[in-house]
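Sequence first, predicted coordinates after that:
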Amino acid sequence: MNEKAAHVPQRIKELREILEISAFDFAGDTEIPFDTYSKYENGELDIPISVLYTIANRLGTDVTVLLTGEEARMDSAAVCRKGKGVQIERYPGYEFSSLAYNFKNRTMEPLLVTLDSSRPEAAKVSHSGQEFNYVVEGLVKITVLNNEHILNPGDSIYFDARLPHGQCAVNGTARFITVIQE
């Protein structure tokens, strides 16, 4: 887990305690099993991005606060320069860079995702909302339910994110833009 991601559980716990909500009640409020929530808050289990949204919503804050410790500042436009996105490592084999972390009240989360075929393929995930993936570099195998799609640079896919899905690089490194709408 990278340094910024390591602080996420600490921030969640601190904000929860400021609101004087027990971990047990918070888990119930967010519909996360207590054992799982406890592992998230203790840094024993990586927190999926969709769960970060649920937690941020319950805490009455923006995901940016959980990721960076700072409030999002922009409300008309937010520019993210090349290589300057907030780095998030939420799943083994995936490197995420948040491209709109500084925009207040986002309804979508655009991320640049880097995959490496030498790393183990991550387990499928599902979350609320819809997802769009656009391949920038390399070959990406995207699985939705049990349907596999090999995408080349310039190819894209849009799907119901409630369905189990996953992405992996084919032969080397691949990068794609994903836009998640919760």
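Received the coordinates, thanks.

The longest strand along the chain - contacts with which helices or strands?
Taking DSSP state E as the assignment, the strand of the chain that covers the most residues is strand 165-181. When contacts are defined as 3 or more CB pairs under 8 Å, 6 or more residues apart in numbering; DSSP states H and E, strand 165-181 sits against strand 108-116, strand 130-144. Placement of C-beta: from N, CA and C, glycine included.

Among those strands, show the one with the smallest mean pLDDT.
When the helices and strands packed on strand 165-181 are compared on mean pLDDT, strand 108-116 scores lowest, with a mean of 91.

Now that one: buried residues?
109, 110, 111, 112, 113, 114, 115 (16 or more other CB atoms under 10 Å).

Please name the residues that touch the most centrally placed residue in the chain.
Centroid-nearest residue in the chain, with CA atoms, centre = their mean: residue 49, separated by 2.9 Å. The neighbours of residue 49, taking CB atoms under 8 Å, 6 or more residues apart in numbering as the test, are 88, 90, 96, 109, 111, 127, 180.

What is the burial count for the nearest residue to residue 125 once chain neighbours are set aside?
Distances taken as CB to CB, 6 or more residues apart in numbering place residue 48 nearest to residue 125, at 5.9 Å, with adjacent residues excluded. By other CB atoms under 10 Å, 15 other residues sit near residue 48.

Which secondary structure elements does the helix ranked longest in the chain sit against?
In the chain, taking DSSP state H as the definition, the longest helix is helix 3-18. Helix 3-18 is packed against helix 23-29, helix 34-41, helix 49-59, helix 63-68, strand 86-88, with contacts defined by 3+ CB pairs under 8 Å, 6+ apart.
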